[in-house]
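Enquirer: Sequence and predicted model, in that order:
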Amino acid sequence: ARSFTVWVSRNLPIVFVVFASATLLLYMHTLVPTAPIPAVKKDRSGHHKPVKDDRTNEIIYISCNSSEKSPPEAFASDWRKHSPSFNPVPRDNKSTWSTQPSKRPTTRKFVSQAVDQAIEDLASKMKDKELSWIFSNCLPNTLDTTVFLFKESSNPEELDSFIITGDIEALWLRDSTNQVWPYLPFIKKDDRLRDLIRGLINRQVASVLFDPYANAFELDPTRVGHASDQTAKKPGTHERKYELDSLASVLRLSAGYHTASGDKSVFGKKWEQAIALILDTIIQNQKSGNADRYSFRRGSNDPIETLLHGVGHPSRECGLSRSPFRPSDDAAVLPLPIPANAMTMKALEDLLSNDLIPASQKAKAQKLVADIRNGLTNFGIVTHPYYGRIYAFEVDGYGGQYLGDDANIPSVLSLPYLGYVSPSDPIYQMTRKFLLSLDNPWFFIGSSAEGNGSPHGNGPEWIWPMSIIMRAMTSTDDAEIQFCLQMLKRSSAGSGFMHESFHKDDPSRFTRSWFAWANTLFGELILKIHAERPHLL
């Protein structure tokens, strides 16, 4: 023992190194999991198992039906099996719905014989009488209830129409375009309806020239909405939240009107001035936020109601144009929205292809289209760890990306509806799987329905009928479209109308009983199904 003690004392550095190395090895061993990975453990999508990635030692999920990595297809890939709200019941052909009284007002703001005739003809052919009743109430809702001004004139440039959004007596550029969009196919049969839409184009032009950064306007030029907002607001403005899609909606309605009518009489000098101002505004906002150009603050405890430092998060110039606020009127997380930029590009392409852009603005418009296209290609498509290449919702040009969607339009889900991409496009199809899954933070599944919600309004667990409508609009699957129709009927909760949102487990709990955009969009869906898949009605 004495000789051992002497040896240790003489070789103390060596003993210390050996002891320290052994201790370190034992500690590192405790960091490595020794328990076997379970053979099958379903994740929230219901059909994935964990395996260890040999490159990183991390646990990843793969399909239970494949040895290769694959996205967790969640509810979108086989929603018939996984969705508790899917119940393939037969059409409701009960006569009680055919005798339900109309919910249309006895005194209507505007009457279109062409629209009324189309409703009568189609409703009589629909086998699902509840669906027929809701359609008959919804399609004309904008005309019946929201035309607060229609000034007729033999001079196309003097026509004027003021169309409110519903329960808020103000005109939104985005909402008003979408509210009249389903009526465009009828304007060749109805001159007054054509003049109503020409009047709306004139009103939108005047609004843009008044303030290109405002999203909503008052009928009374002396009134000011949200008067306490800290922004350069003038009387006649209801709200001054800058949203790229508001300007894109003005472009889209002009292009859509010309396509439907072939008429250029409304595109006069003021319209050309508005186009020039729209182009300049969008181009200026390809640069990062600048308080001298636009700023907005609102006293609120809710972060979606105001902007960081008055201008929003920074962005890097990449061809895309900024939009501090979303189509929901909520503040953006990242300032470069992919859907609104895609909508802008497509509307400009349509105007250019029909030779409607003024000659002095044509080169500017063509360059803007090319810039946005490059931005969408380089920054709008991102790589998801499960789904691969998909479309982002918002980006910042630095590499930052926000994945998800919002129920309002333009949305990522609505890209085929806007004409930007084909419904069969592989990247869109994979994006769609992501959007209609629980990997999308704003997709909710309840006992009554499933669909996208929005931070706007009541927030989580509240589904927006517009998202279900858009899901059906962009679907190529008969069963999925029927599923959407079933949920939409349920969401009406016996009211005969669509709403802004409803609780996923209880459709009788809904917001906004009078929301004309959602009503008219539902009517547009039924018209589309009748034209393409009449057997579903």
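Expert: Great, that's in hand. Given the structure is predicted, the values throughout are model-derived calculations rather than measurements.
Enquirer: got any ranges where the stretch 301-450 of the chain has weak pLDDT?
Expert: The stretch 301-450 of the chain contains no residues with pLDDT under 70.
Enquirer: mind checking the SS state of the residue most central in space within the chain?
Expert: Nearest to the geometric centre of the chain sits residue 411, at 2.4 Å (Cα atoms, centre = their mean). With DSSP: H, G, I helix; E, B strand; the rest coil as the basis, residue 411 sits in coil.
Enquirer: Report the contact partners of it.
Expert: Shown in contact with residue 411 (Cβ atoms under 8 Å, 6 or more residues apart in numbering): 327, 339, 405, 452, 467, 470. Where you see a C-beta, it was placed from the backbone N, CA and C, and this is true even at glycine.
Enquirer: Next, format those as JSON lines and append distance to residue 147 and secondary structure.
Expert: Formatted as JSON lines, the entries for these read as follows, by distance: Cβ to Cβ, whole Å; DSSP: H, G, I helix; E, B strand; the rest coil:
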{"residue": "327", "distance to residue 147": "23", "secondary structure": "coil"}
{"residue": "339", "distance to residue 147": "28", "secondary structure": "helix"}
{"residue": "405", "distance to residue 147": "31", "secondary structure": "coil"}
{"residue": "452", "distance to residue 147": "30", "secondary structure": "strand"}
{"residue": "467", "distance to residue 147": "27", "secondary structure": "helix"}
{"residue": "470", "distance to residue 147": "25", "secondary structure": "helix"}
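Enquirer: What is the neighbour count of the closest residue in space to residue 535 that isn't next to it in sequence?
Expert: Among residues not flanking residue 535 along the chain, residue 478 sits closest, at 7.9 Å (Cβ to Cβ, 6 or more residues apart in numbering). If you count neighbours by other Cβ atoms under 10 Å, residue 478 ends up with 12.
Enquirer: so residue 478 touches residue 534, yeah?
Expert: No. Counting by Cβ atoms under 8 Å, residue 478 does not reach residue 534; the two are 11.5 Å apart.
Enquirer: which secondary element of the chain has the worst mean pLDDT?
Expert: None of the helices or strands of the chain scores lower by mean pLDDT, DSSP states H and E than strand 59-63, at a mean of 37.
Enquirer: quick revisit: using PyMOL, define a selection of the buried residues within the contacts of residue 411.
Expert: In PyMOL, a selection of the buried entries from the contacts of residue 411 looks like this (16 or more other Cβ atoms under 10 Å):
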select buried, resi 327+339+405+452+467+470
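Enquirer: Out of the contacts of residue 411, which is nearest to residue 487?
Expert: residue 467 (10.2 Å; Cβ to Cβ).
Enquirer: Provide a list of residues in contact with the closest one.
Expert: Here residue 467 is in contact with 405, 407, 411, 413, 451, 452, 453 (Cβ under 8 Å, 6+ apart).
Enquirer: For residue 101, report the pLDDT, please.
Expert: Residue 101 is assigned a predicted lDDT (pLDDT) of 88.
Enquirer: meant to ask about residue 196
Expert: 98.
Enquirer: What confidence value was assigned to residue 94?
Expert: Residue 94 is assigned a predicted lDDT (pLDDT) of 54.
Enquirer: So what pairs up with residue 401 in the strands?
Expert: residue 395 (DSSP bridges).
Enquirer: Show the contacting residues for it.
Expert: 334, 382, 392, 394, 395.
Enquirer: most neighbours, which of those?
Expert: residue 395 (28 neighbours).
Enquirer: show me the contacts for that one.
Expert: Taking Cβ under 8 Å, 6+ apart as the test, what residue 395 contacts is 320, 334, 336, 338, 379, 380, 382, 401, 402.
Enquirer: Select from those every entry located in strands.
Expert: 336, 382, 401, 402 (DSSP state E).
Enquirer: so residue 474 touches residue 432, yeah?
Expert: Yes. Contact criterion Cβ under 8 Å: residue 474 and residue 432 qualify, at 7.4 Å.
Enquirer: overlap in contacts of those two?
Expert: Counting by Cβ under 8 Å, 6+ apart, the contacts common to residue 474 and residue 432 are residue 413.
Enquirer: one step back: now distance to residue 345 too, for the contacts of residue 467, in TSV please.
Expert: Below are the contacts of residue 467 laid out as TSV (distance: Cβ to Cβ, whole Å):
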residue	distance to residue 345
405	19
407	22
411	16
413	18
451	27
452	23
453	27
